[in-house]
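S.K.: missing the sequence, but the structure's below:
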């Protein structure tokens with residue numbers, strides 16, 4: 001476990017002892033009156049109100065600020081299919097990030113598969129997950145799907161999003177895509193190119209790769225090629241699933257190395273060391289290399305630096321020990337914060353693009369002294385080494401959440417709301433969290 005910190009197996013296990021989440025009571029139970037209000041006989045009034053007016057469940061329960069973090073454990077981190085029980089530490093970690101960064105309450109919901117004969121591994125059963133999530137949805141204001149293997153994850157998210165009147169978001173699909181697009185937007189600015197002029201190559205055609213392609217195209221990218229384990233995703237291939245087929249192109253390039261010739265942007269969500277220095281040298285002038293395989297990137301930053309010498313470029317990875325980390329924590333806490341605050345029924349493309357644009361805009365602002373103090377060894381001013389803001393920048397809470405809320409209302413995903421008062425509320429909440 002190589003990081004810039006001295007993290008050992010024993011220290012990690014000690015940190016996790018007892019779990020990472022618990023229950024906080026907004027109304028502590030201290031007196032007999034409290035007991036009467038919280039439970040019988042008082043609770044009957046809340047029951048009758050919600051029964052008569054279901055929309056008041058957002059007022060008289062925890063639902064308005066509660067997200068279910070759902071997984072079947074089929075694609076845990078880079079570890080693969082280890083089952084629902086093994087996914088719990090990650091789902092608890094996700095809940096910690098929700099609360100810390102977005103002030104969103106979240107709770108792990110692991111769904112065991114329990115096949116005939118026992119066991120909790122095997123292929124995802126989309127219908128079972130859909131049925132389970134639909135059954136538990138009345139308790140939650142949003143559903144965050146996590147670590148569900150492709151291609152089943154596409155069907156699960158799409159069908160739940162159509163069924164439910166609360167936001168459904170698969171972070172493995174969209175989280176990386178939102179943050180990546182923010183980096184691409186700022187790369188276009190630095191390279192003095194319009195985003196519509198960019199030639200983009202993506203290596204990896206799983207959940208993240210497909211959704212990065214979707215997000216890039218939604219933002220204006222038109223020249224985009226995806227590569228999978230068999231080469232470029234070409235229109236003449238007969239082995240493509242429906243999601244790959246949407247992005248299939250007519251091209252003479254048959255593999256990643258050929259596709260990278262003259263490309264402006266490489267985005268990797270695949271495997272370590274699949275890109276060679278010669279591949280980088282044949283990209284366009286002032287390229288962007290987003291090598292996000294974890295823990296080892298598609299090409300190491302030192303190899304890119306050696307290949308390009310003093311020529312300008314943008315480098316990003318999924319790691320915290322290099323500049324420009326593409327970190328999902330920059331997205332989902334604030335996307336849900338904005339969606340929950342306006343009671344959005346979905347998290348649509350307009351809301352995701354708004355989050356990307358707000359992230360990109362924040363990276364162009366002066367970095368606060370508070371953030372600089374946390375990263376004393378990094379260059380934190382807009383440029384090739386800083387195209388993505390840092391997770392501990394408190395301005396994310398207001399800027400990204402508000403942009404998502406505004407897009408939700410403008411796109412019809414949420415009812416009208418006074419955005420000026422919402423901004424004041426977010427700012428006050430942010431100050432309270434900082435104190």
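M.R.: Arrived safely. The structure displayed is predicted, hence computed values, not measured ones.
S.K.: And the helices in the stretch 251-400 of the chain?
M.R.: 256-259, 277-281, 301-308, 332-341, 349-363, 369-374, 395-410 (DSSP state H, counting those that start in this stretch).
S.K.: For residue 178, find the nearest of the ones you listed.
M.R.: helix 349-363 (5.1 Å; C-beta to C-beta). Quick note: C-beta positions are derived from backbone N, CA and C, even for glycine.
S.K.: Pull the contacting residues for the nearest residue to residue 334 once chain neighbours are set aside.
M.R.: Once flanking residues are discounted, residue 334 sits nearest to residue 400: 3.7 Å by C-beta to C-beta, 6 or more residues apart in numbering. For residue 400, the contact set (C-beta atoms under 8 Å, 6 or more residues apart in numbering) comprises 330, 331, 334, 335, 337, 338, 355, 358, 359, 362.
S.K.: Report the secondary structure element holding the residue nearest to the spatial centre of the chain.
M.R.: Geometric centre of the chain, nearest residue: residue 175, 1.8 Å, by C-alpha atoms, centre = their mean. Residue 175 belongs to helix 171-190 when assigned by DSSP states H and E.
S.K.: which helices and strands does that helix pack with?
M.R.: Counting contacts by 3 or more C-beta pairs under 8 Å, 6 or more residues apart in numbering; DSSP states H and E, helix 171-190 is packed against strand 142-145, helix 152-163, helix 207-218, strand 265-268, strand 288-291, strand 314-317, helix 332-341, helix 349-363.
S.K.: quick one: contacts for residue 325?
M.R.: 316, 317, 318, 319, 388.
S.K.: quick one: low-confidence parts of the stretch 51-200 of the chain?
M.R.: Counting by pLDDT under 70, the stretch 51-200 of the chain shows low-confidence ranges at 114-122.
S.K.: Would you map the strands across it?
M.R.: Using DSSP state E, counting those that start in this stretch, the strands of the stretch 51-200 of the chain run over residues 66-71, 105-110, 142-145, 168-170, 199-203.
S.K.: coming back round to it: out of the helices and strands packed on helix 171-190, which is closest to residue 58?
M.R.: Checking these against residue 58 by C-beta to C-beta gives helix 332-341 as the closest, at 9.1 Å.
S.K.: and that closest one, how far out from the chain's middle?
M.R.: 12 Å (C-alpha atoms, centre = their mean, to the nearest Å).
S.K.: winner for burial among the helices of the stretch 251-400 of the chain?
M.R.: helix 332-341 (a mean of 28; mean count of other C-beta atoms under 10 Å).
S.K.: still on that earlier bit, so which of the strands of the stretch 51-200 of the chain is nearest residue 349?
M.R.: That would be strand 168-170 among the strands of the stretch 51-200 of the chain, by C-beta to C-beta, at 12.1 Å.
S.K.: and residue 320, how far is that from residue 329?
M.R.: Look at residue 320 and residue 329: by C-beta to C-beta, to the nearest Å, they are 11 Å apart.
S.K.: Could you do residue 240 as well?
M.R.: 32 Å.
S.K.: Residue 80 now?
M.R.: Using C-beta to C-beta, residue 80 is found at 22 Å from residue 329.
S.K.: Which of these two has more residues huddled nearby?
M.R.: Neighbours were counted for residue 80 and for residue 329 using other C-beta atoms under 10 Å; residue 329 has more, 20 against 12.
S.K.: so what's that one up against?
M.R.: Residue 329 sits next to 97, 101, 391 when contact means C-beta under 8 Å, 6+ apart.
S.K.: Skipping adjacent residues, who's closest to the last one in space?
M.R.: Translated: residue 391. residue 329 (4.9 Å).
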